[in-house]
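A.B. asks: Prediction below, plus the sequence it came from.
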Amino acid sequence: MSTVLSGRTALVTGAASGIGRAIAAAFVEAGAVVTVADRDPSVDEVARAIGARRSAHLDATSEDEVVTVVDEVVESTGRLDILVCSHGILTQAPTVEMSAAQWRETIDVDLTSVFLLNRTALRPMLAQGSGRIVNIASQLAIKGGVSLAHYAAAKAGVIAMTKSIALEYADAGVLVNAIAPGPIDTPMVEGIDDEWKQAKRAELPLGRFGTPEEIAPTAVLLASDPGGNLFVGQVLGPNSGDVMP
């Protein structure tokens with residue numbers, strides 16, 4: 001069992017399933033004290049299953065709920081060392097058919113809520129003089145995606161925001177980075193139509209989608225000392241070869 005995160009406190013959002021759950025489980029295995037958060041009530045069972053210290057029900061688009069959850073982590077553990085923003089939604093629509101409501105919902109959930117969490121977590125991290133933030137973006141932020149303009153735009157915003165925050169606070173001890181996975185076999189991707197998924201698999205040099213467990217070690221690296229110490233505003237891409245910067 002690795003202990004690279006021994007004693008560090010972490011908050012992982014979107015932890016009821018998929019990449020968030022895998023990252024939370026990897027953090028627990030690496031010795032971190034983990035709070036798992038999600039708007040899905042099953043996050044309580046996930047906390048028990050992976051050995052997280054606590055769970056929290058969180059609608060990350062609510063500024064009040066974000067502040068409450070971060071405050072609870074700090075009050076219960078004395079600090080917040082790591083934030084991972086892994087929540088999100090994924091829907092499809094050609095641009096000419098996309099409603100403004102669908103666009104706004106995706107931007108709200110996949111971008112604005114990440115800003116709220118980053119801003120709120122920065123406060124205790126800056127006060128303690130250290131911290132790591134890992135934002136989950138997407139390779140589609142770099143290359144775009146058919147019928148996914150809203151999702152790609154939101155994730156591109158996550159990358160630009162990550163770089164900007166990293167520039168602001170690296171010298172204060174808070175390192176902010178992003179992971180831009182390729183297509184991953186998760187409940188969220190299950191909702192995308194089979195034609196899109198078949199076409200995407202055919203594009204991938206690796207020839208397959210990834211699994212959440214193949215993304216989690218990248219988050220552990222970015223959160224660890226000394227492994228993550230020199231990553232500042234970086235976008236790491238475990239993406240089956242879909243994007244080669």
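C.D. replies: Cool, the structure landed. Residues are numbered from 1 along each chain as shown.
A.B. asks: residue boundaries of the strands in the chain?
C.D. replies: 9-13, 33-38, 54-57, 82-85, 131-136, 174-179, 235-236 (DSSP state E).
A.B. asks: With mean neighbour count and distance to S113 added, can I get those in a markdown table?
C.D. replies: (Each C-beta comes from the backbone N, C-alpha and C, glycine too.) Output for the strands of the chain, formatted as a markdown table (neighbours: other CB atoms under 10 Å; distance: least, CB to CB, whole Å):
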| stretch | mean neighbour count | distance to S113 |
| --- | --- | --- |
| strand 9-13 | 28 | 8 |
| strand 33-38 | 28 | 11 |
| strand 54-57 | 18 | 14 |
| strand 82-85 | 28 | 8 |
| strand 131-136 | 26 | 11 |
| strand 174-179 | 26 | 15 |
| strand 235-236 | 19 | 19 |
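A.B. asks: In CSV: these, plus mean pLDDT.
C.D. replies: CSV is the format used below for those (pLDDT from 0 to 100):
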stretch, mean pLDDT
strand 9-13, 98
strand 33-38, 98
strand 54-57, 98
strand 82-85, 99
strand 131-136, 98
strand 174-179, 98
strand 235-236, 98
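A.B. asks: got TSV for those, with distance to H150 too?
C.D. replies: Formatted as TSV, these follow (distance: least, CB to CB, whole Å):
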stretch	distance to H150
strand 9-13	20
strand 33-38	22
strand 54-57	26
strand 82-85	18
strand 131-136	17
strand 174-179	19
strand 235-236	20
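A.B. asks: Can you tell me what sits against the lowest-mean-pLDDT helix or strand in the chain?
C.D. replies: Sorting the helices and strands of the chain by mean pLDDT, DSSP states H and E puts helix 187-190 at the bottom, at a mean of 82. Residues outside helix 187-190 that contact it (CB atoms under 8 Å, 6 or more residues apart in numbering) are 17-18, 88-90, 183, 197, 209.
A.B. asks: List the buried residues for that helix?
C.D. replies: M188 (16 or more other CB atoms under 10 Å).
A.B. asks: Nearest residue to the middle of the chain?
C.D. replies: Geometric centre of the chain, nearest residue: S86, 2.6 Å, by CA atoms, centre = their mean.
A.B. asks: Please report how far that one lies from P205.
C.D. replies: 25 Å (CB to CB, to the nearest Å).
A.B. asks: what do you get for V176?
C.D. replies: In terms of CB to CB, V176 sits 29 Å off from P205.
A.B. asks: Do a quick rundown of the helices in the protein.
C.D. replies: Along the chain, counting by DSSP state H, helices occupy 18-29, 43-50, 63-77, 100-107, 113-128, 140-143, 149-169, 187-190, 194-203, 212-223.
A.B. asks: Deepest-packed of those helices, please.
C.D. replies: The highest average neighbour count among the helices of the chain, using mean count of other CB atoms under 10 Å, belongs to helix 18-29 at a mean of 26.
A.B. asks: Identify the residues contacting that helix?
C.D. replies: Helix 18-29 is contacted by residues 1-2, 5, 10, 12-15, 34, 36, 38, 46, 50-52, 82, 84, 86-87, 136, 181, 184, 186-188, 211-213, 215-217, 219-220, 223 when judged by CB under 8 Å, 6+ apart.
A.B. asks: one more time with 7 Å
C.D. replies: Here helix 18-29 makes contact (CB atoms under 7 Å, 6 or more residues apart in numbering) with 1-2, 5, 10, 12-15, 34, 36, 46, 50-52, 84, 86-87, 136, 181, 184, 186-188, 212-213, 215-217, 219-220.
A.B. asks: as a whole number, average confidence for that helix?
C.D. replies: Taken as a whole, helix 18-29 has a mean pLDDT of 98.
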